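Visitor: below: sequence and its predicted model.
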Amino acid sequence: LVARIADRAGTAVHAGVAAAGAAAVAEAAAQSADILEIVRITGREPGAYRITDVLLDYQLSRPGPARTHLAGLLGVLDGHPVLLETLRAYVASGFSRRRAAPLLHVHPNTVDYRLRRVAVLTGLDPTCPGDLPQLRAALVAHDFTPSRPAPGRAWRR
């Protein structure tokens, strides 16, 4: 259905989907909206998404002390929007500096330089496999913290 709508509309379509019985339609509609927001903010490809497709990001986007702490890990980057944009592009490109560079319209060496700055400022190294899960989780939490600026286009693939 989403593919047919996209074809008729001539544009990419993203949809959040949740199944429910008649008594739970309002709850399912709210969950679908939450899923769609996650899909939009994290830059997933067009298509239909259920909660099982976004489980980790859904949980990371829920308010609570863990999200607050995770978001705080990247708080130092709030004054460096180019570094945040670079980090988003790096994550969206599957942690590939070569694929991130065209998203940012820069040379891969520039991506390397910016990622080194992220490591110095946050203490989390985007080039260290051990730091990647926490860094990605911190980015999702950061982008879902209401007081933070909305993410730019770099999350988008």
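Guide: Structure received. Numbering: from 1, shown residues only.
Visitor: for the residue nearest the centre of the chain, which residues are in contact?
Guide: Compute the mean C-alpha point of the chain, and by C-alpha atoms, centre = their mean the closest residue is residue 42, 2.7 Å away. Residue 42 sits next to 54, 57, 92, 140, 143, 155 when contact means C-beta atoms under 8 Å, 6 or more residues apart in numbering. Placement of C-beta: from N, CA and C, glycine included.
Visitor: how much space is there between it and residue 9?
Guide: Distance from residue 42 to residue 9, counting by C-beta to C-beta, to the nearest Å: 22 Å.
Visitor: and residue 24, by the same measure?
Guide: 29 Å.
Visitor: of these two, who's got more company?
Guide: More crowded of residue 24 and residue 9, by other C-beta atoms under 10 Å: residue 24, with 12 against 9.
Visitor: can you list the domains in this structure?
Guide: With domains defined by the TED database, the chain comprises 1-61, 65-144.
Visitor: return the most buried member of those domains.
Guide: Highest mean neighbour count of these: domain 65-144, a mean of 18 (counted as mean count of other C-beta atoms under 10 Å).
Visitor: endpoints of that one, how far apart?
Guide: End-to-end distance for domain 65-144: 13 Å, by C-alpha to C-alpha, to the nearest Å.
Visitor: quick one: average confidence on it?
Guide: Average pLDDT, domain 65-144: 94.
Visitor: could you check how far it is from the centre of its chain?
Guide: From the chain centre to the centre of domain 65-144 is a distance of 11 Å (C-alpha atoms, centre = their mean, to the nearest Å).
Visitor: same question, stretch 48-57
Guide: With C-alpha atoms, centre = their mean, you get 12 Å for stretch 48-57.
Visitor: for it, measure first residue to last.
Guide: With C-alpha to C-alpha as the measure, stretch 48-57 spans 16 Å from end to end.
Visitor: which outside residues touch that stretch?
Guide: Contacts for stretch 48-57 (C-beta under 8 Å, 6+ apart): 1-2, 14-18, 31, 35-36, 38-39, 42, 44, 58, 137, 140.
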